[in-house]
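Trainee: quick one, structure for this:
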Amino acid sequence: MSEVGDLLAARIAAEGPIGVDEYMAAANSHYYATRDPLGVSGDFITAPEIHQMFGEMLGAVLADCWVRAGRPVDAVYAELGPGRGTLANDALSVLRRAGFTGEVHLVETSPALKRAQAKLLPEANFHDEIDSLPKAPLLLVANEFFDALPVKQWVGDEERRVIHDGTAFAFTIYGLIRETSPARDEAAQTLAKRLAAYGGVAIVIDYGHSKGEQGDTLQAVRDHRFSNPLDEPGEQDITSHVDFAALSEAARCGGATVSRIASQGAWLETLGIGARAMALAAKNPQDTERIAAARRRLCDEAEMGRLFKVMAMRAPVWPEIAGLEA
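Mentor: Numbering: from 1, shown residues only. Below is the predicted model of the structure:
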């Protein structure tokens with residue numbers, strides 16, 4: 001059993017069953033603190049690592065929003081869970097060309113990922129939590145951030161918990177699962193309050209559902225394959241689908257104006273990823289098929305296009321994000 005597994009088993013033996021959220025939080029805290037999980041040699045690949053077009057599209061919509069907001073000189077670029085810094089690097093290349101000269105602020109707790117981010121973005125300022133970001137207008141991105149925050153699971157009104165039978169971890173009850181995430185709601189509300197108080201916009205991209213669907217979505221990934229979330233805690237990435245309806249409600253409660261929810265593929269196509277792909281292929285004809293394959297992976301419904309959703313929250317006085325207008 002893993003190191004975290006031993007600790008959790010001992011805790012359960014001493015205190016009794018623990019919540020799914022407690023299990024997930026402990027496992028992911030160790031997992032992200034001890035490795036760079038991204039890329040072919042890691043456990044999974046995120047959209048920014050697929051192709052530069054993803055980050056460029058985000059940089060373009062942030063630049064457009066910043067310009068329409070009057071080019072506030074105190075605005076900063078911020079990102080929650082910025083991976084290796086790839087998305088920030090690609091987005092900032094577009095923002096800088098638009099005249100944005102603001103600081104870069106990254107919310108990251110993983111020492112391994114901080115090292116990768118600092119190497120790519122030496123100007124970055126690091127934070128452990130949203131509340132320590134500057135009191136300034138934010139141009140913020142959260143890509144695959146909320147899915148890793150812990151969830152509670154319920155069967156009816158009874159909370160599902162995790163036990164250890166001396167050999168393996170197991171759930172206390174089974175049935176029709178309902179998921180809630182106080183951690184996600186708190187993060188969304190905290191971010192919304194900062195936007196409402198100091199200005200700015202935040203784009204949230206993640207896999208999930210938009211109409212309050214219910215069910216067990218807890219999953220784990222290791223070596224680019226799905227695995228049992230109860231196996232080897234701390235040695236695999238545990239996530240669940242983001243409830244964008246709940247996230248929207250939390251953001252509104254925090255005082256932000258919230259956009260409609262769109263699928264990633266439709267949004268990127270609306271922004272013009274097709275034209276960008278053609279322009280890149282014209283300059284790099286030897287990469288034409290790789291560029292086309294990246295676009296398909298990002299946008300096709302059978303790939304990331306439909307499962308991944310996009311939502312924006314903003315200060316009420318700031319303009320809407322392109323492609324997410326009501």
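Trainee: most remote residue from the chain's center?
Mentor: Distance from the C-alpha centroid of the chain, by Cα atoms, centre = their mean, peaks at Gly166 (34.8 Å).
Trainee: can you pull out the helices in the stretch 201-326 of the chain?
Mentor: Counting by DSSP state H, counting those that start in this stretch, the stretch 201-326 of the chain has helices at residues 244-253, 264-271, 273-283, 288-299.
Trainee: can I assume the residue farthest from the centre of the chain sits in a helix?
Mentor: No: according to DSSP: H, G, I helix; E, B strand; the rest coil, Gly166 belongs to no helix; its state is coil.
Trainee: and it, how far from Glu232?
Mentor: To Glu232, Gly166 is 17 Å away according to Cβ to Cβ, to the nearest Å. Glycine gets a C-beta too; all of them are placed from N, C-alpha and C.
Trainee: tell me the spacing between the residue farthest from the centre of the chain and His105.
Mentor: Taking Cβ to Cβ, one finds Gly166 at 46 Å from His105.
Trainee: likewise for Tyr174?
Mentor: Tyr174 sits 43 Å away from His105, taking Cβ to Cβ as the criterion.
Trainee: could you do Gly272 as well?
Mentor: Counting by Cβ to Cβ, the gap from Gly272 to His105 is 28 Å.
Trainee: of these two, who's got more company?
Mentor: Neighbour count, other Cβ atoms under 10 Å: between Gly272 and His105, His105 has more, with 21 against 15.
Trainee: so who does Asp90 touch?
Mentor: Taking Cβ atoms under 8 Å, 6 or more residues apart in numbering as the contact definition, Asp90 lies against Pro48, Gln52, Phe54, Gly55, Glu56, Leu58, Gly59.
Trainee: where's the closest residue to it other than its chain neighbours, which helix or strand?
Mentor: Spatial nearest neighbour of Asp90, chain neighbours left out: Gly55 (2.6 Å); criterion: Cβ to Cβ, 6 or more residues apart in numbering. Here Gly55, judged by DSSP states H and E, is contained in helix 52-68.
Trainee: report the buried residues of that helix.
Mentor: By neighbour count on 16 or more other Cβ atoms under 10 Å, the buried set for helix 52-68 is 52-66.
Trainee: between these, which is nearest Ala27?
Mentor: Lowest distance from Ala27 to the buried residues of helix 52-68 (Cβ to Cβ) belongs to Phe54, with 27.8 Å.
Trainee: what about the nearest residue to the closest one once chain neighbours are set aside, distance to Val20?
Mentor: In space, and not counting its chain neighbours, Phe54 is closest to Ala47: 4.6 Å by Cβ to Cβ, 6+ apart. Distance from Ala47 to Val20, counting by Cβ to Cβ: 27 Å.
Trainee: ok, those two, which is more surrounded?
Mentor: Neighbour totals were compared for Ala47 and Val20, and Val20 leads with 27 against 24 (other Cβ under 10 Å).
Trainee: and that one, what does it touch?
Mentor: Pro150, Val151, Lys152, Gln153, Arg160, Arg161, Val162, Phe171, Leu218.
Trainee: the first one: neighbour count?
Mentor: Yep, that's Pro150 we're talking about. Using other Cβ under 10 Å, Pro150 has 22 other residues around it.
Trainee: around the closest residue to it other than its chain neighbours, count how many other residues there are.
Mentor: Leaving aside its sequence neighbours, Pro150 sits nearest to Asp21 (Cβ to Cβ, 6+ apart; 3.7 Å). Applying other Cβ under 10 Å, we find 21 other residues in the vicinity of Asp21.
Trainee: which element is Asp21 on?
Mentor: Short version, using DSSP H and E: Asp21 is in helix 20-33.
Trainee: average pLDDT for that helix?
Mentor: Throughout helix 20-33, pLDDT has a mean value of 95.
Trainee: what is the following helix or strand past that helix packed up against?
Mentor: Following helix 20-33 in sequence order, the next helix or strand is helix 47-50 (DSSP H and E). In terms of contacts (3 or more Cβ pairs under 8 Å, 6 or more residues apart in numbering; DSSP states H and E), helix 47-50 is packed against helix 52-68, helix 86-97, helix 288-299.
Trainee: go through the last one and flag the buried ones.
Mentor: The neighbour-count criterion (16+ other Cβ under 10 Å) identifies Ile291, Ala294, Arg295, Arg297, Leu298, Cys299 as the buried residues of helix 288-299.
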